[in-house]
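pasting the sequence and the predicted model now:
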Amino acid sequence: MVMSAHRRHAATTVAAVATILALTAAFAVFAVEQIAAIDAARRTVAPDEARLGLSPQMANNVTAITAGLILTVCALCLAAAVGVARRSAGARHAAMGLFGILGFVAFAASLAGVTATPPSPNAVYGVLCGVANGVIVGLLLAPSTALDVELAEQERQWLSARGYPLVRDHPLHRAERSRAATGAWGGRSRVR
């Protein structure tokens with residue numbers, strides 16, 4: 001049997017990573033646009049900012065802090081995507097928790113806007129974000145993703161226990177794969 005890290009990723013794993021990257025890119029672009037739109041010379045505030053009692057400088061600070069928080073969450077999401085792409089069990093579990101929380105927050109934040117009269121036009125984006133986060137969690141919970149990650153973890157443990165470096169194209173690793181694929185050990189070749 002060819003070792004699991006050299007199999008193709010499961011379709012659900014690839015879909016989860018692609019969805020994470022698309023959602024993260026959208027939020028990163030939004031945050032960068034918010035930072036770029038900060039005008040240090042502005043003298044007026046928007047009606048929403050005035051209701052909160054913000055001065056122009058305070059409104060700029062709130063925008064910068066919010067954009068910074070969004071970029072921080074984007075960095076966490078990117079790290080989760082890399083971990084899931086590497087088929088790490090810990091990263092998969094962390095991503096399920098992260099995107100579950102983000103989905104809940106998105107739904108909760110958009111609920112007031114959706115139920116308002118008239119509904120807030122941006123509330124729909126919150127609902128769509130919550131749905132996208134739910135899709136990510138569903139893809140990570142899929143049995144094919146779980147099996148994909150489990151087999152990769154087993155191979156890493158198998159190689160590590162034998163002292164092989166965990167480098168895909170290392171000569172010792174290639175020799176071990178070829179013996180496993182041909183059954184050169186005189187029995188069934190299985191990842192243990």
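Yep, it's here. Numbering: from 1, shown residues only.

any idea how far apart the tips of stretch 36-54 sit?
By C-alpha to C-alpha, to the nearest Å, the extent of stretch 36-54 from end to end equals 20 Å.

nearest residue to Leu147 other than its sequence neighbours?
Leaving aside its chain neighbours, Leu147 sits nearest to Ala10 (7.0 Å; criterion: C-beta to C-beta, 6 or more residues apart in numbering). Placement of C-beta: from N, CA and C, glycine included.

now for this structure, the helix or strand with the poorest mean pLDDT.
Using mean pLDDT, DSSP states H and E, helix 171-182 stands out as the lowest-scoring helix or strand of the chain, at a mean of 61.

picking that back up, the residue nearest to Leu147 and Asp48, how far apart?
Going from Ala10 to Asp48 by C-beta to C-beta, to the nearest Å gives 45 Å.

next: Cys77.
For Cys77, the distance to Asp48 equals 27 Å [C-beta to C-beta].

higher neighbour count, those two?
Cys77 (23 against 9; other C-beta atoms under 10 Å).

that one: what secondary structure?
Under DSSP: H, G, I helix; E, B strand; the rest coil, Cys77 falls in the helix class.

just give the closest residue to Ala37, not the sequence neighbours.
Counting by C-beta to C-beta, 6+ apart, the residue nearest Ala37 is Thr63, at 7.5 Å.

where does this structure have low pLDDT?
1-7, 165-192 (pLDDT under 70).

switch the cut-off to 50
1-5, 186-192 (pLDDT under 50).

now the strands for it?
Counting by DSSP state E, no segments of the chain form strands.

show me where it has its helices.
11-36, 47-51, 56-85, 89-115, 123-141, 143-161, 171-182 (DSSP state H).

hmm, back to that, okay, now the residue nearest to Ala37: neighbour count?
Neighbours around Thr63, by other C-beta under 10 Å: 18.

which residues sit in contact with it?
Shown in contact with Thr63 (C-beta atoms under 8 Å, 6 or more residues apart in numbering): Gln34, Ile35, Ala37, Ile38.

same question, Gly134
Gly134 touches Gly103, counting by C-beta under 8 Å, 6+ apart.

measure Leu140 to Gly97 for me?
According to C-beta to C-beta, Leu140 stands 10 Å off from Gly97.

who has more neighbours, these two?
The neighbour comparison of Leu140 against Gly97 (other C-beta under 10 Å) goes to Leu140, with 27 against 12.

so Ala41 versus Asn60, what's the distance?
In terms of C-beta to C-beta, Ala41 sits 10 Å off from Asn60.

neighbour count winner among these two?
Legend: neighbour count by other C-beta under 10 Å for Ala41 and Asn60, higher for Asn60 (18 against 5).
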